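K.L.:
With the sequence up front, the predicted model follows.
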Amino acid sequence: VDYLVNALGGVVLPPHAGSLDEGIATPTDAYPVILEGVELALKVGHVDPHRKQVLLDAVGVVWSSSATRSAERKACAALVARLLASPDEVAAAGVPAETCDQWLRCIPRLLWELRSHDF
């Protein structure tokens with residue numbers, strides 16, 4: 001979970017202990033794979049609800065800080081679409097009702113921002 005949160009936060013590999021480097025930034029094309037990992041982590045039974053919420057919050061930060069037509073936003077939208085596809089998916093991932101509500105409220109704005117452009 002910590003790795004996924006850090007990767008969503010922009011650092012795919014943290015700096016080595018005692019080194020002066022800043023780690024390796026998350027490449028834009030890595031977000032779809034990272035978000036697939038988030039989906040798997042949400043669906044495994046041994047991740048406690050608090051850690052799941054940390055992951056969901058990290059996804060929310062990526063969503064809100066990325067440009068409308070960016071690869072990051074597209075990957076987040078794909079994750080949200082998969083998780084909201086059915087009540088069974090929401091339950092399997094343990095997504096709280098408040099988070100589902102937030103995601104659903106974002107959809108009209110996303111559609112307005114995209115207008116008729118391809119995503």
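P.N.:
Alright, I've got the coordinates.
K.L.:
where does residue 5 land on pLDDT?
P.N.:
At residue 5, the model reports a pLDDT of 94.
K.L.:
oh, I was asking about residue 47
P.N.:
For residue 47, the pLDDT comes out at 87.
K.L.:
correct me, but it touches residue 41?
P.N.:
Yes. Using CB atoms under 8 Å, residue 47 makes contact with residue 41 at a distance of 5.7 Å. Quick note: C-beta positions are derived from backbone N, CA and C, even for glycine.
K.L.:
Overlap in contacts, these two.
P.N.:
Shared contacts of residue 47 and residue 41 (CB atoms under 8 Å, 6 or more residues apart in numbering): residue 1.
K.L.:
Any idea how many residues pack against residue 103?
P.N.:
By the criterion of other CB atoms under 10 Å, residue 103 has 23 neighbours.
K.L.:
Let me fix that, I meant to ask about residue 4.
P.N.:
Counted with other CB under 10 Å, residues neighbouring residue 4 total 20.
K.L.:
my guess is it meets residue 34, correct?
P.N.:
Yes. Contact criterion CB under 8 Å: residue 4 and residue 34 qualify, at 6.2 Å.
K.L.:
which residues in the chain form helices?
P.N.:
Along the chain, counting by DSSP state H, helices occupy 2-8, 31-43, 49-65, 71-83, 87-93, 97-114.
K.L.:
tilt between the longest one and helix 49-65?
P.N.:
Translated: helix 97-114. Orientation of helix 97-114 against helix 49-65 (axes from the mean of the first three to the mean of the last three CA atoms, to 10 degrees) gives an angle of 10 degrees.
K.L.:
buried ones in helix 97-114?
P.N.:
By neighbour count on 16 or more other CB atoms under 10 Å, the buried set for helix 97-114 is 99, 103, 106, 110.
K.L.:
Relative to residue 72, how far out is residue 10?
P.N.:
Separation of residue 10 from residue 72 (CB to CB, to the nearest Å) stands at 10 Å.
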